[in-house]
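Student: Would you be able to build a 3D model of this:
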Amino acid sequence: MQADRSRMALGVFGGALALILAFGIALMGGWAPWSPTTGTPEASDMPSVPSDAAEPEWISARERAIFLATLSAIDPQLVVDQESAVHYGIATCLDIREGADDGEPGLVEKRVRFRFGRGGADVSQSQAQKIVKAVNVWCR
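Tutor: So this is what the prediction gives:
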């Protein structure tokens, strides 16, 4: 009788342990029992970022060369990192296309000053306006 109780206790303990392990593995795999959409991936709140492969759609090689030359004429510091300069130009194009200035006049220039300032350049308001004009040449 004592042996039967021991086996039964061991079986209950083993079953509970297996259940806990299975639940833990499911949670580690991304399953959320409290989610109304259990088993489906969650949508990201982060906006998608254009990849390098998408850049030719935004700006051709010729337009890129002209854009970088224009930036260099505004301030050579703007093109120290050419890839970043083109990336900032594409981001500015997105701002223009999305109508960022509609809600707050001057917002596009403010963002240009911030973006290009990260590259080490001190961008004035008039330089930001010139950069926006340079982006408008190729931004569709």
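
Student: When you work out contacts or count neighbours from here on, use the C-alpha atoms and nothing else.
Tutor: Noted.

Student: Where does pLDDT dip in this protein?
Tutor: Along the chain, segments meeting pLDDT under 70 span 1-57.

Student: mind listing the helices for it?
Tutor: 2-28, 55-58, 61-74, 82-97, 100-103, 107-118, 125-138 (DSSP state H).

Student: Near the nearest residue to residue 96 once chain neighbours are set aside, how many residues? Count them for me, please.
Tutor: Closest residue to residue 96 apart from its sequence neighbours, by Cα to Cα, 6 or more residues apart in numbering: residue 108 at 7.0 Å. When counting by other Cα atoms under 10 Å, one arrives at 23 neighbours for residue 108.

Student: pretty sure residue 108 contacts residue 91?
Tutor: No. Between residue 108 and residue 91 there is no contact under Cα atoms under 8 Å: 9.9 Å.

Student: quick one: the residue nearest to residue 96 and residue 115, what's the gap?
Tutor: Applying Cα to Cα, to the nearest Å, the value for residue 108 to residue 115 is 10 Å.

Student: same thing with residue 101?
Tutor: For residue 101, the distance to residue 115 - Cα to Cα - is 16 Å.

Student: do the same with residue 123
Tutor: Applying Cα to Cα to residue 123 and residue 115 gives a distance of 9 Å.
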